[in-house]
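Participant: Build me a model from this:
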Amino acid sequence: MLTITNLQTELYGGKLDARARVDVVSRVLKGTIVSDFDPHKTEHILTEVGRHWLQQYSWPQPPMVAGDVSLVLPAWTNRHPDWRGEIQPSLALEGDLTLNQGGAFRGINFIAARCHFTYTNMVWCLSDLFATRPEGHLKAFYLSNDRTKDFYWRISSRLNPATVHPLLEPQQQRALDLFTFTQSPYINGEIWGRWHELERTTFKARIASTNFTFRGESVDDFRGAVQYTNRFLLLTDGRLRHGTQHLSAEALGADFAAKKMYLTNGYAVADAQMVARAIGPNIAHVVQPYHFDRPPTAHVYGVIPLEREADADLHFEIAGGPFHWWKFNIPQISGEVHWVGEQLTLANLHADFYGGKASGAAAFDFRPTHGADYHFAVITTNTLLQFLVPDVFGRTNTLEGFLNGNLVITNANVDDPNSMRGYGSAQFRDGTIWAIPIFGALSPALDSLMPGLGSSRASAGAANFIITNGIIRSDNLEIRSPTLRMQYRGNIDFDGRLNARVEAELLRDMWLIGPVVSTIFWPVTKLFEYQVTGSLGQPKLEPVYFVPRIVQMPFHPLRTLKEMMPEDSSRSATNGPPIFEKLPTE
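Facilitator: Numbering: from 1, shown residues only. Next up is the predicted model:
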């Protein structure tokens, strides 16, 4: 038995205290060591693997190590022993390591660290690793098998995930860069795999985080379970909150090899713009024209592309309001959105529409080089004109009535309004529409014929129309009232320019005697047939037929007489008005 006690030496800027005992017959060596010298100074006696492992660590002051060691030495007659094959399997270590002045692992700095370690049967075990950084701490349990190269970590962390950025692959680094943490999340999980075979790395964890951003969007609170294997990241039972808004998902998977995300049973009460911006800039651009005053309720599932839009296959079921699009302001709307590839489909749309109801469907195709092709169909019932027209055409105060209608656009492009083609119909009942300039242009003339004739309440109206190259045309627009029937034929473009003909039939719909009276007043009807040009807001009317003033005299006697009298050119501009102008007016 060989015994060494109280061995003390200064070594590589530190000290080494040791004692050991060797059984010469069994060749068993047992010892105790306490040291604080710099292990990096011993790299010249290590193998290449040993040097690579040690170079991962750095420190301003060498660690304090205290532990026991035992091993079986090679046979005394063996002049060239196989240390890895013969000695390492018998090596056993147990001790404690402390770094009081901090250090770094692969460039990740820490303030202090300590752990208890063992090594036996070629398996390393760090049973209570504890490291601290300015933002938090890390607790870990670690196993590593030198034979199989398998490893296992169990971690409880309050560190900022950004600290592990240098340890990740470039693609993983880009995914981590989408997050910004102002407070360190809580992570409790496990990691296992095989060294030098990163594709076999697997982890699973429970995560809780507050006050962070994802793609610039703030998140107040997040909870969920995460696991990763074979380049597939899976989030289950996820819960996210931002103020009063919240999102949840049964599962969200990210396949980094296929560059796709898979969402199962996602539910949200959240701002659609915020969610769209978090998914990506292309979705944010598509959703931008559609705005909810309050976060809508949504059910979402399907495939979200990480790179290629053609991989998209995402379904939304949305309900909420008030909702705004273009000039429309809708208190409540619901519908289904299907985003597949470079196409977007809207189906089963239902809305409270200006006192009535509306429903419809639409489809958008983003594959064209310029703009996006689209088509849609919409039906509205019992819509109140006094609410609809002010939003679409400008503020008015005297419009009333109920509108039913349908509009079908068979093809169009968002960059070219003149590309629009389609058709539709409209029915109107029980109201007044004369405040709309195109319909009220004849009112003064009709009222002069019979007070109230040009502003009586309309009982009904109807029209069919077609849309071609951005021009709306109708040949049967008809408005009826008890004293009047007005018919329009012509077209209007999207700039509001008119080219139409209007005809007013007097007393056409009077009960029983209407057709007879209308026939008698046929010459008067022709008197009220006009060509309409100008704009929708400022129409210009020109009579279609020339009617001599003498014929107009029964309807405007004094005005017609005045217009027929020749003007006295001898009078100066300062002379008084003609005598007949002082006569009582009509």
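
Participant: all contacts plus neighbour counts: C-alpha atoms, from now on.
Facilitator: Noted.

Participant: Just the buried positions in the strand ranked longest in the chain, please.
Facilitator: What stands out as the longest strand in the chain, according to DSSP state E, is strand 197-214. Applying a neighbour-count criterion of 16 or more other CA atoms under 10 Å, one finds 201-214 buried in strand 197-214.

Participant: Just send those back as JSON lines, with pLDDT and distance to residue 291 too.
Facilitator: Below are the buried residues of strand 197-214 laid out as JSON lines (pLDDT from 0 to 100; distance: CA to CA, whole Å):
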{"residue": "201", "pLDDT": "87", "distance to residue 291": "43"}
{"residue": "202", "pLDDT": "92", "distance to residue 291": "41"}
{"residue": "203", "pLDDT": "91", "distance to residue 291": "40"}
{"residue": "204", "pLDDT": "94", "distance to residue 291": "38"}
{"residue": "205", "pLDDT": "94", "distance to residue 291": "37"}
{"residue": "206", "pLDDT": "95", "distance to residue 291": "35"}
{"residue": "207", "pLDDT": "93", "distance to residue 291": "32"}
{"residue": "208", "pLDDT": "94", "distance to residue 291": "31"}
{"residue": "209", "pLDDT": "93", "distance to residue 291": "29"}
{"residue": "210", "pLDDT": "92", "distance to residue 291": "27"}
{"residue": "211", "pLDDT": "90", "distance to residue 291": "26"}
{"residue": "212", "pLDDT": "89", "distance to residue 291": "25"}
{"residue": "213", "pLDDT": "89", "distance to residue 291": "22"}
{"residue": "214", "pLDDT": "84", "distance to residue 291": "21"}
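
Participant: rewinding a little: using CSV, list the CA coordinates for whatever helix or strand comes next after the longest strand of the chain.
Facilitator: Per DSSP states H and E, the first helix or strand lying C-terminal to strand 197-214 is strand 217-229. C-alpha atoms of strand 217-229 as CSV (Å, rounded to 0.1, in the frame of the first residue of the first chain):
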residue,chain,number,x,y,z
GLU,A,217,-46.5,43.3,-31.4
SER,A,218,-46.8,43.6,-27.6
VAL,A,219,-47.8,40.6,-25.5
ASP,A,220,-48.8,41.0,-21.8
ASP,A,221,-48.9,37.3,-20.9
PHE,A,222,-48.2,33.9,-22.5
ARG,A,223,-48.6,30.3,-21.3
GLY,A,224,-48.0,27.1,-23.1
ALA,A,225,-46.2,23.8,-23.6
VAL,A,226,-43.5,23.5,-26.2
GLN,A,227,-41.6,20.6,-27.7
TYR,A,228,-39.1,20.2,-30.5
THR,A,229,-37.8,17.2,-32.4
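
Participant: So for the helix or strand just after strand 217-229, what gets flagged as buried?
Facilitator: Counting by DSSP H and E, the element after strand 217-229 in chain order, helix or strand, is strand 232-242. Residues of strand 232-242 classed as buried under the neighbour-count rule (16+ other CA under 10 Å) are 232, 233, 234, 235, 236, 238, 239, 240, 241, 242.

Participant: so residue 52 is in which element?
Facilitator: Assigned by DSSP H and E, residue 52 belongs to helix 48-54.

Participant: Neighbours of residue 418, how many?
Facilitator: Number of residues near residue 418 (other CA atoms under 10 Å) recorded here: 16.

Participant: Looking at the buried residues of strand 232-242, which two lie furthest apart in space?
Facilitator: The span of the buried residues of strand 232-242, defined through CA to CA, is set by 232 and 242 at 27.0 Å.

Participant: starting at the chain centroid, how far to the strand or helix carrying residue 487?
Facilitator: Element membership for residue 487 (DSSP H and E) is strand 484-493. The chain centre lies 43 Å from the centre of strand 484-493; the measure is CA atoms, centre = their mean, to the nearest Å.

Participant: Could you write out the alpha-carbon coordinates of whatever helix or strand comes next after that strand in CSV?
Facilitator: Next along the chain after strand 484-493, taking DSSP H and E as the criterion, comes strand 498-506. What follows is strand 498-506, C-alpha atoms only, in CSV (Å, rounded to 0.1, in the frame of the first residue of the first chain):
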residue,chain,number,x,y,z
LEU,A,498,-74.1,60.5,-66.6
ASN,A,499,-75.5,59.8,-70.1
ALA,A,500,-79.2,58.9,-69.7
ARG,A,501,-82.7,59.8,-70.7
VAL,A,502,-85.5,60.4,-68.2
GLU,A,503,-89.3,60.5,-68.8
ALA,A,504,-92.0,61.5,-66.3
GLU,A,505,-95.6,60.1,-66.8
LEU,A,506,-98.1,62.1,-64.9
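
Participant: Show me what strand 498-506 is packed against.
Facilitator: strand 484-493, helix 522-527, strand 529-534 (3 or more CA pairs under 8 Å, 6 or more residues apart in numbering; DSSP states H and E).

Participant: picking that back up, for the buried residues of strand 232-242, please prepare JSON lines with the additional fields distance to residue 434.
Facilitator: Output for the buried residues of strand 232-242, formatted as JSON lines (distance: CA to CA, whole Å):
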{"residue": "232", "distance to residue 434": "65"}
{"residue": "233", "distance to residue 434": "64"}
{"residue": "234", "distance to residue 434": "62"}
{"residue": "235", "distance to residue 434": "61"}
{"residue": "236", "distance to residue 434": "61"}
{"residue": "238", "distance to residue 434": "57"}
{"residue": "239", "distance to residue 434": "55"}
{"residue": "240", "distance to residue 434": "53"}
{"residue": "241", "distance to residue 434": "52"}
{"residue": "242", "distance to residue 434": "50"}
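
Participant: Name the nearest of those relative to residue 14.
Facilitator: Here the nearest of the buried residues of strand 232-242 to residue 14, counting by CA to CA, is residue 233; it sits at 46.3 Å.

Participant: what's the closest one in contact with, if anything?
Facilitator: Each residue near residue 233 by CA atoms under 8 Å, 6 or more residues apart in numbering is listed here: 226, 227, 253, 254, 255, 256.

Participant: change it to 6 Å
Facilitator: Applying CA atoms under 6 Å, 6 or more residues apart in numbering, we find residue 233 in contact with 227, 253, 254.

Participant: do the same with residue 300
Facilitator: Neighbour list for residue 300: 266, 315, 316 [criterion: CA under 6 Å, 6+ apart].

Participant: Which one of those residues is nearest to residue 71?
Facilitator: Distances from residue 71 to the contacts of residue 300, taken as CA to CA, are shortest for residue 266 (57.8 Å).
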